[in-house]
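Chemist: Predicted model follows, preceded by the sequence.
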Amino acid sequence: MANWAALVQNCVSKKQNKQLTRLYFLTFTTFLCTLFYLLGLWHHSPPSLAAVSAGTHLSDARNCPDSTSKLLSNSISNSTLDFSATHLAPDPEESARGFHAPPCDPTLSEYTPCEDVQRSLLFPREDLIYRERHCPVEAEVLRCRIPAPFGYRVPLRWPESRDAAWFANVPHKELTVEKKNQNWVRFEGDRFRFPGGGTMFPRGAGAYIDDIGKLINLKDGSIRTALDTGCGVASWGAYLLSRDILAVSFAPRDTHEAQVQFALERGVPALIGVLASIRLPYPSRAFDMAHCSRCLIPWGQREGIYLTEVDRVLRPGGYWILSGPPINWQSHWKGWERTRESLNEEQDTIEKVAKSLCWKKLVQKGDLAIWQKPTNHIHCKITRKVFKNRPFCMAKDPDTAWYTKMETCLTPLPEVNDVSEVSGGKLSNWPERLTAVPPRISSGSLKGITADMFKENTELWKKRVAYYKSLDYQLAERGRYRNLLDMNAFLGGFAAALIDDPVWVMNTVPVEAEFNTLGVIYERGLIGTYQNWCEAMSTYPRTYDFIHGDSVFSLYQNRCKMEEIVLEMDRILRPQGSVILRDDVDVLLKVKKFADAMQWDSRIADHEKGPHQREKIFFAVKQYWTAPAPEQKST
């Protein structure tokens, strides 16, 4: 009995009770956790699985097994983790979501909106106004992608491209017939050959430039930028490149078929343009040398207005070179099928115009004549009344050149204190000119930009271009690209950072930009043009291998439609060419919508300083596609 009592007391002891209570608590807690876990799992499962697992609509599922399998498969796909960013910009406007850019008709493969030959016929022929820029109105703007001609191939690499181009890329044989005896271009098999000939240089452009080099110094770096008026296929500019002289060549759209297009296909800087009634799209004091080789410009007519425009864009001390009629007319008048009297009169008129501009005729030897612009206008002002020099312009900004009418007055050079000074400041010789502080900045004439800002900008773009090359392996591949475009060049830092690569950059300064910096770009020994990106560029389709733009779309976001700028970029970009834009992330997301609609391969990358910058880098490659073969057009 005593033993039994001891056993009962042991069972109900305080120690044993405490162990049982803890066991019950743990069991109950485990049960609750399991219950709530299962309830949560059921609550957060996809609707289709929840319905099936709860037995809802099982009869429908049995009757429609295919539907059940679809529900299950959808549930599985919906459970996939999504690692995409959740903090995105607001949805783009309706125009971006509904944008559609189908291919244009194959007949438009060379469509140049503001230089359209058919539209030009609607404008006056006097003063060659019909050959100037005439852009389509809003209702006429094409919203389709310009196709490359069937058989288009990536152009040959420089320097091979200087002497050859694929026929399929510029399928025009007119010049091979019209200029057959002048060696402009020849057709051989599947390509064109460019022997370097010209109307006034039958021994080739190289020998012609050597002749010029005997008359003025082309080797010391004092001549870096040049302008070629009526360029033909730009052989003069092409052969200057080996001498570190960078020429902008231009010719009108319809003088000879595809001449500027040939120049660009060769990898030589060129634009469609004409001396007519508006200023050339360059700042004052831009070029060290201007050239005309039988360019057929009537220099003495209209009170010498064309030569006056050349004077505006020539740098103080710059040279103007003329070959062809009327120079050396005594030897050529029969071949030119003109009378001695008319040629002699033309030369006298040119001499008078040059004198009224205060130019000095340096030399006339053989078929070459060279004049030099004064380094300042001190003597010109003193002798103006005696020699009846033309009056100076006073009203217009000499650097304003977008749809600005030309005048017959003389563009005044910046004031100097001594006759030995160079107006506007003396430039360093090339290549020191590239990194030396440009006179427009050091003199303070370009308000808001200092020498320190210029130096910092130069170093900044070296870092940025190095980063670009890590994004675009084609840009990093030496020789892959040749023709480059900078849509908002500012001080030309992007082009300067690429100076050791075998490329040239057309630096465009938007007319809407806060600072008119194109003069600075030329003072660095680089080239460029003014541009309004709400309009098309004066160039053929497929001009550029690579397009760069810094904050272009932010600049134009309230001025014109974003999709029209992207379409213009697509027009002038070659198949398999690249685009790099830097801008605010919200802006670039909208650009990407349009780029994707045009079937570009695109992505947005982080800023070179890291992911925390609002500014991002948009990178895209235009896919290769062409017009269909002729027999496929009907389908």
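Modeler: Cool, the structure landed.
Chemist: domains for this protein, by residue range?
Modeler: According to the TED database, the chain is divided into the following domains: 201-425, 439-622.
Chemist: Now render those domains as JSON lines, adding distance to Trp184 and mean neighbour count.
Modeler: Every residue, glycine included, has its C-beta placed from N, CA and C. Converted to JSON lines, these look like this (distance: least, CB to CB, whole Å; neighbours: other CB atoms under 10 Å):
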{"stretch": "domain 201-425", "distance to Trp184": "5", "mean neighbour count": "19"}
{"stretch": "domain 439-622", "distance to Trp184": "18", "mean neighbour count": "20"}
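Chemist: Quick check: which element contains the residue positioned nearest the centre of the chain?
Modeler: Most central residue of the chain, judged by C-alpha distance to the mean C-alpha position with CA atoms, centre = their mean, is Leu485 at 2.5 Å. According to DSSP states H and E, Leu485 maps onto strand 483-486.
Chemist: Direction included, what does that strand pair against?
Modeler: strand 504-510 (parallel), strand 544-550 (parallel) (DSSP bridges).
Chemist: can you redo these as a markdown table with distance to Ala354?
Modeler: As requested, the strands paired with strand 483-486 are arranged in a markdown table below (distance: least, CB to CB, whole Å):
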| stretch | distance to Ala354 |
| --- | --- |
| strand 504-510 | 30 |
| strand 544-550 | 37 |
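Chemist: Let me have those strands in TSV, extended by mean pLDDT.
Modeler: Shown next, in TSV, are these (pLDDT from 0 to 100):
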stretch	mean pLDDT
strand 504-510	98
strand 544-550	98
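Chemist: and the very next helix or strand once past the strand holding Leu485, what other elements does it pack with?
Modeler: Past strand 483-486, heading to the C-terminal end, the next element that is a helix or strand (DSSP H and E) is helix 493-497. Applying 3 or more CB pairs under 8 Å, 6 or more residues apart in numbering; DSSP states H and E, we find helix 493-497 packed against helix 451-471, strand 483-486, strand 504-510.
Chemist: quick one: which helix or strand includes Gln364?
Modeler: Secondary-structure element containing Gln364, defined by DSSP H and E: strand 360-365.
Chemist: can you give me how far that strand is from the chain middle?
Modeler: Remark: strand 360-365 is offset 38 Å from the chain centroid, using CA atoms, centre = their mean, to the nearest Å.
Chemist: outside of it, which residues touch it?
Modeler: 215-216, 319, 327-328, 351, 354, 369-372, 374 (CB atoms under 8 Å, 6 or more residues apart in numbering).
Chemist: For it, what does the pLDDT average out to?
Modeler: In this model, strand 360-365 carries a mean pLDDT of 97.
Chemist: Next: stretch 135-152.
Modeler: Per-residue pLDDT values across stretch 135-152 average out to 95.
Chemist: for that stretch, how far is the first residue from the last?
Modeler: Distance between the boundary residues of stretch 135-152 (CA to CA, to the nearest Å) amounts to 27 Å.
Chemist: Please spell out which residues along it are buried.
Modeler: Counting neighbours by 16 or more other CB atoms under 10 Å, one finds that the buried residues in stretch 135-152 are 135, 142, 144-150, 152.
Chemist: and of those residues, the nearest to Ile305?
Modeler: Ranking the buried residues of stretch 135-152 by separation from Ile305, with CB to CB as the measure, puts Cys135 on top at 23.7 Å.
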